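Engineer: this is a predicted model, with the sequence first.
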Amino acid sequence: MRLSLLDRSRTRAGRPDAEALEGTIARAVHAEQLGYERFWVAEHHAVPGIASGTPAVVLAAVGAATSHIRIGSGGVMLPLHQPLVVAEQFLVLEALHPGRVDLGLGRSLGFTPPVRRALRREMGAVDEFEDDLVELRSYLDGTGGVTARPAAGPVPMHLLATGRGIDIAARLGLPVVLGGPVLVSDELPDVLARYRRTFQPHDGSAPSVTISLDVTVADDDATARELALPEAYAMAMSRQTGEFGPLESVADIRSREWPDIVRRRVQESLDRAVAGSPATVRKRLEQLADRTGADELMASTSTYDRDALFASDARLRELMT
């Protein structure tokens, strides 16, 4: 499998948000040095634990700090934007960093009702996602009703998808990126078989599957799970409080009493993640590759300890070589 990274610009408790963005750029430089295929960034709005709300802006900085690694979005949430504006942003990126830009697209409407209201996008709105994807592609390939500028390209589109979104990717001839609970679904092999069987090529495209999940590599399984704990804890607490917070140190997290439901959710999250020694991680990834036939792994790992994160990235690259 090809190997890539997704960095969500995770904030750390007690540290300025700008530090998270600086960390993203430094990680991209490191990923390029290690030989990763792609480096993607995310779009999350008004989330305390994530500093990146505008992938195109972050990618401009990442592209300027690197020279050849592919850069992209994982992803731009298309229902929140006009297709023409997204096309213009990514054509600018492609003009500045030719041959390096990917446009990953998703459909999330925002983490909480107040955020959705601020974005002028409520649940229950008319679903125009597939039509918007077609319109966006027309601007990127120069066949739209107006000509998006600058003239650049091509900018490959990828679809972040679960369930029905996978079928949309097949109809439109798009590569698909899968993450989250869908990766452990019993139906996943059948869903991917249908994607490949019903895929309708566009301009010579072929089915392509990227799997995205947290992958943490350390000396041993216990150490890796401790490194993965802050992310798992933040996710579990978000379901209690409705707020996805900054990463906290393992010591601070361990010093608290956890409600039983939080303990169970943390355990479930750690079990879903791929965290362990090089041998453990290799075995888990080989099993996932056999189950999905994936073409690419995109590691979405976050840790409180940035040095440990960089070390994990290096060890993952080494064991996948």
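Structural biologist: Arrived safely. Residues are numbered from 1 along each chain as shown.

Engineer: tell me how many other residues crowd residue 307.
Structural biologist: If you count neighbours by other CB atoms under 10 Å, residue 307 ends up with 8. C-beta here means a position set from N, CA and C on the backbone, and glycine is covered the same way.

Engineer: how much space between it and residue 33?
Structural biologist: The spacing between residue 307 and residue 33, counted by CB to CB, to the nearest Å, is 15 Å.

Engineer: again, but for residue 27
Structural biologist: Applying CB to CB to residue 27 and residue 33 gives a distance of 11 Å.

Engineer: the two: which is more packed in?
Structural biologist: Under the criterion of other CB under 10 Å, the comparison of residue 27 against residue 33 puts residue 27 first, with 21 against 12.

Engineer: how about stretch 140-152: buried residues?
Structural biologist: Taking 16 or more other CB atoms under 10 Å as the basis for neighbour counts, the residues of stretch 140-152 that come out buried are 140, 141, 144, 148, 152.

Engineer: related to what we said a few turns ago, common neighbours of residue 27 and residue 33, please.
Structural biologist: Contact with both residue 27 and residue 33 is made by no residue, according to CB atoms under 8 Å, 6 or more residues apart in numbering.

Engineer: okay, now the sheet partners of the helix or strand where residue 275 lies, with direction.
Structural biologist: Secondary structure assigned from DSSP states H and E places residue 275 in strand 274-276. Each strand paired with strand 274-276, and its direction, by DSSP bridges: strand 215-217 (parallel).

Engineer: return the distance of the strand it pairs with from the chain's centre.
Structural biologist: The offset between the C-alpha centroid of strand 215-217 and the centroid of the whole chain comes to 15 Å, using CA atoms, centre = their mean, to the nearest Å.

Engineer: which phi and psi values does residue 158 adopt?
Structural biologist: Geometry field for residue 158 lists phi and psi as phi -130, psi 150, criterion degrees, to the nearest 10.

Engineer: residues contacting it?
Structural biologist: In this structure, residue 158 makes contact with 72, 75, 102, 103, 104, 105, 174, 175, 176, 177, 210, judged by CB under 8 Å, 6+ apart.

Engineer: got the residues you listed as a markdown table, with neighbour count columns?
Structural biologist: As requested, the contacts of residue 158 are arranged in a markdown table below (neighbours: other CB atoms under 10 Å):
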| residue | neighbour count |
| --- | --- |
| 72 | 28 |
| 75 | 25 |
| 102 | 23 |
| 103 | 27 |
| 104 | 26 |
| 105 | 29 |
| 174 | 25 |
| 175 | 20 |
| 176 | 27 |
| 177 | 28 |
| 210 | 26 |
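
Engineer: lowest-confidence entry in the residues you listed?
Structural biologist: Across those, no position has a lower pLDDT than residue 75, which has 90.

Engineer: tell me how far the closest residue to that residue other than its chain neighbours lies from residue 86.
Structural biologist: Spatial nearest neighbour of residue 75, excluding adjacent residues (CB to CB, 6 or more residues apart in numbering): residue 104 at 3.5 Å. Using CB to CB, one obtains 11 Å as the distance from residue 104 to residue 86.

Engineer: the residue nearest to residue 107 when sequence neighbours are not counted - how many residues pack around it?
Structural biologist: Take residue 107 and drop its neighbours on the chain: the residue closest to it by CB to CB, 6+ apart is residue 129, 5.1 Å away. Here the count is done by other CB under 10 Å, and residue 129 has 17 residues near it.

Engineer: how close does residue 129 get to residue 242?
Structural biologist: 25 Å.
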